[in-house]
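Asker: Let's see this in three dimensions:
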Amino acid sequence: MAIVIQNLTKSYGDKLALPPFSCTLEAGEIVAEGVTAGFKYFDCRGVRRITLRTRGYAGGCFEVRTDLEGEPLGKIPLGFRNQWTAFSAEIPVPDGIHALYFTYRGPGTAMLASFALE
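Answerer: The predicted structure follows:
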């Protein structure tokens, strides 16, 4: 299974080390500190929870944004798992058409298989 990413970037502090670019991320590819995967566009209506299906030795979280350089709407904490596991958080997304950006923050690495808007 492949996830088509519209923006993939890496940041160091407040500076982008890689400009955003499009690519295809195979389910199970590794993301580390500061990597952002962006997906365009979703008609968000009544979204109150976001679930990520991940695995890996990730002691951090994914920050969720609707603007690449905006403030996070919320964070989805991850745990160390060697099997695909769903992690969720209550993250209200404003109604409207939005891109979604997931930035990994923390130690270790994670593999992202999918996400769901609920």
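Asker: in the chain, which spans are strands?
Answerer: With DSSP state E applied, the chain shows strands at 2-12, 15-16, 21-26, 30-31, 35-44, 49-56, 61-65, 74-77, 81-90, 96-105, 110-117, listed in chain order.
Asker: Make CSV from those strands and add mean neighbour count and mean pLDDT to it.
Answerer: From N, CA and C alone the C-beta is placed, and that goes for glycine too. As requested, the strands of the chain are arranged in CSV below (neighbours: other C-beta atoms under 10 Å; pLDDT from 0 to 100):
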stretch, mean neighbour count, mean pLDDT
strand 2-12, 15, 48
strand 15-16, 10, 43
strand 21-26, 12, 45
strand 30-31, 18, 74
strand 35-44, 17, 86
strand 49-56, 19, 93
strand 61-65, 21, 96
strand 74-77, 16, 98
strand 81-90, 13, 94
strand 96-105, 19, 92
strand 110-117, 19, 88
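Asker: pretty sure residue 50 contacts residue 91?
Answerer: Yes - judged on C-beta atoms under 8 Å, residue 50 makes contact with residue 91 at a distance of 4.8 Å.
Asker: list the residues that contact both of these two?
Answerer: Residues within reach of residue 50 and of residue 91 at once, by C-beta atoms under 8 Å, 6 or more residues apart in numbering, are 64, 74, 76.
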